Every structure is written in structure tokens, then in C-alpha cells.
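# Structure of the sequence below:
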Amino acid sequence: MRILLFGKNGQVGWELQRSLAPLGEIIAFSSTSTQWCGDFSKPEGIAETIRALKPHIIVNAAAHTAVDKAESEPELAQLINAQTVEIIAREAKKLNAWLIHYSTDYVFDGSGTTPWLETDATHPLSVYGATKRAGEAAIQAAGCQHLIFRTSWVYGARGGNFAKTMLRLGKERERLTVIDDQIGAPTGADLLADVTAHAIRTALIRPEVSGLYHLVAAGEVSWHGYASFVLDFARNAGVPLKVNAIDPVATSAFPTPAKRPHNSRLNTQKLQNTFNLHLPHWQAGVERMLIETLEK
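As a prediction, this is how the structure comes out:
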């Protein structure tokens, strides 16, 4: 079985190269790949890559994820997150290939306090959210077999992330200020990759599972609570920290070009029931990532 993976150098793409390896031959691309096109700003090149390699499964972990930058370059965000995704979906349909795609809680407006269901009406607040929703709709309209996973607050042990930033600042400053009115679940790239591999195995046997799913770690926390957890863990592990206070503030204290949703809770019951999964609490994944980070 041939698997095409786009976005191999991202946090999720990196983990997918590990989790998908037992399923078949992986041909992985980044935006700078040379032998075949992996650059989503060149949709025809992407289409030619798919036609030439004729994969059984296409996994798209590539996206325009610079949320604030997207506000000033909406055309590029639309091209990468929606137009090229539509072309991939059409090619997948022609090949009768599965398309695996990742989306975001930013398709919602973040109102209320109830975890969002897959069937809830979307209302993006930002260009990023709108283009990601357009990508979802394009896949659904193309009629290819697909798994779309909406997720949020993604982190990876590889590269930068919020926890590592808090650790660095905790060593440099006595006082930190962190937003406490955005609520979600920190979700590891490794968890996303492992669930993806499990879901693909199921989909190949039960094609009726094709559809849209919410995929985040269990539990919920604010960014302030997340930062407190990280710094408490580090302190208990013997890391010398300068910080002695973390002040909670509203989102309005940190104005950004793109609006962030306050409620990033996603209901994952559909995913768990369909694929017979138990999703671990967010703290478990963050602890594992911190242990790996602190050992370096």
C-alpha cells in the first residue's frame, strides 16, 4: 500500500512518519521537496504528484497555520488551506484513494462553554478558520473517502511549543502573565498520529466510517492553567525557576490581528465510539513531553 504524506516536517507530519510506517510504503513531502512537488502554493504540481504516484492513501498534514499572518495574506491562506485541498480531494476521488486531513476548532466562533459537536454550525472568527472550513467543505463536496480530524492546541516534543516557551520564560522572569479565558485541551502530535494510524486501519475494513471527527486529548484547561501545570511539574522535577507568580489575564490584554475562540472544547464521543478508542487526559501527554524535554 502506498501512502502519500504532505507536510512531513511539521509537528504532526513528523509523528505520522513513525505511526504510518507499519501500514505501507510512505512517500513523504515537504514544501521544499524537489523530486516531486509538495508545495501547496502550486496546486497543479501537487495534482501531478498524486497522478504520477497513484497512492492508496493521501495524508495531508500541510497547512497555512500562521493564524495572525493569514489576516494580511488571505489569498495565500485560501490557496493552501482550501483550493489545493480541493484539488487533492478531486484527485483522491479519481483514484478511489482515502484522504486524511486535519482541521481546527477555529472553524467555530468559540461562544458558550459546551464542547462543540461535529454537527454544530460553524462560524469562523478569522481568515485561518474560514479557510480551514473551506478546505473541509471542499473535501466533503468532492465525494472522496475521507477522514477529517478537527483538533486544537497541538504541541510536539520536536520544535517549539507553548510549554517550552513557559519553561524558558520561567527561568528568565519572576512574574508571568497568561490568558485564562480561552479553554481547550493541549493535544500531542504523537496522539494525533497514533489515532490517525488506528483510524486508517479501521477505515480500510469499514469504509462507512468516512467522515468528520473531533480529535483532542481528554479534559480541559485554560492557557493559564496549562502554564501553571508546566511550571509546577518542572519545579517538582528540580528545574531551577525564577518565576514566583503567574497572573491570569483576559484575551483582550494581548490584542492580535486574528481573533481567538474562547471556547475551544471539542466533543470527541463520535470518534471514540466509531473507532473504539479511549483518549488520554491532556496532562498525560504533556507530562511525557516535558520529561523528554527536561532530559535533553
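# Going along the chain, name the strands of this structure.
Along the chain, counting by DSSP state E, strands occupy 2-6, 25-29, 57-60, 98-104, 146-151, 154-155, 175-179, 183-184, 187-188, 211-214, 221-222, 245-249.
# Now do the buried residues in the fifth one.
Neighbour-count burial for strand 146-151 flags 146-151 (criterion: 16 or more other Cβ atoms under 10 Å). C-beta here means a position set from N, CA and C on the backbone, and glycine is covered the same way.
# can you check the first one too?
By neighbour count, with 16+ other Cβ under 10 Å as the criterion, the buried positions of strand 2-6 are 3-6.
# where do the helices sit along the stretch 101-250 of the chain?
Using DSSP state H, counting those that start in this stretch, the helices found in the stretch 101-250 of the chain span residues 127-142, 162-172, 189-205, 223-236.
# gap between residue 63 and residue 187?
Residue 63 is 15 Å from residue 187, where distance means Cβ to Cβ, to the nearest Å.
# thinking again about what came up before, can you put the strands of the chain in a markdown table and add mean pLDDT?
A markdown table is the format used below for these (pLDDT from 0 to 100):
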| stretch | mean pLDDT |
| --- | --- |
| strand 2-6 | 96 |
| strand 25-29 | 94 |
| strand 57-60 | 98 |
| strand 98-104 | 98 |
| strand 146-151 | 98 |
| strand 154-155 | 96 |
| strand 175-179 | 96 |
| strand 183-184 | 98 |
| strand 187-188 | 98 |
| strand 211-214 | 98 |
| strand 221-222 | 98 |
| strand 245-249 | 96 |
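# Using CSV, lay out those strands together with distance to residue 81.
Shown next, in CSV, are the strands of the chain (distance: least, Cβ to Cβ, whole Å):
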stretch, distance to residue 81
strand 2-6, 12
strand 25-29, 17
strand 57-60, 10
strand 98-104, 9
strand 146-151, 13
strand 154-155, 15
strand 175-179, 25
strand 183-184, 20
strand 187-188, 19
strand 211-214, 16
strand 221-222, 27
strand 245-249, 30
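# residue ranges with poor pLDDT in the stretch 151-296 of the chain?
Residues of the stretch 151-296 of the chain that meet the criterion pLDDT under 70 lie in 296.
# can you do 80?
The model of the stretch 151-296 of the chain has pLDDT under 80 over residues 295-296.
# Isn't residue 122 up against residue 110?
No. Under the criterion of Cβ atoms under 8 Å, residue 122 makes no contact with residue 110, lying 11.3 Å away.
# who has more neighbours, those two?
residue 110 (22 against 17; other Cβ atoms under 10 Å).
# what about the closest residue to that one other than its chain neighbours, distance to residue 108?
Leaving aside its chain neighbours, residue 110 sits nearest to residue 261 (2.4 Å; criterion: Cβ to Cβ, 6 or more residues apart in numbering). Distance of residue 261 to residue 108, computed by Cβ to Cβ: 6 Å.
# shared neighbours, these two?
residue 129 (Cβ atoms under 8 Å, 6 or more residues apart in numbering).
# what number of residues lie near residue 117?
So residue 117, with other Cβ under 10 Å, has 12 neighbours.
# With adjacent residues omitted, what lies nearest to it?
residue 267 (5.1 Å).
# What values do phi and psi take at the one you found?
Here the main-chain torsion angles of residue 267 (degrees, to the nearest 10) amount to phi -80, psi 120.
# In contact with it, which residues?
By Cβ under 8 Å, 6+ apart, residue 267 lies in contact with 115-118, 214.
# got it, and residue 143?
The neighbourhood of residue 143, defined by Cβ under 8 Å, 6+ apart, consists of residue 93.
# Return the distance of it relative to residue 99.
Counting by Cβ to Cβ, the separation of residue 143 from residue 99 is 11 Å.
# and what of residue 14?
Remark: distance between residue 14 and residue 99 (Cβ to Cβ) = 20 Å.
# Show me which of those two is the more surrounded one.
residue 99 (26 against 20).
# Quick check, that one in contact with residue 138.
No. Residue 99 lies out of contact with residue 138 (Cβ under 8 Å); the separation is 10.5 Å.
# shared neighbours of those two, anything?
Both residue 99 and residue 138 are in contact with residue 89, where contact means Cβ under 8 Å, 6+ apart.
# Now do the contacts for the nearest residue to residue 5 once chain neighbours are set aside.
Spatial nearest neighbour of residue 5, excluding adjacent residues (Cβ to Cβ, 6+ apart): residue 28 at 4.3 Å. Residues near residue 28 by Cβ under 8 Å, 6+ apart: 5, 8, 13, 17.
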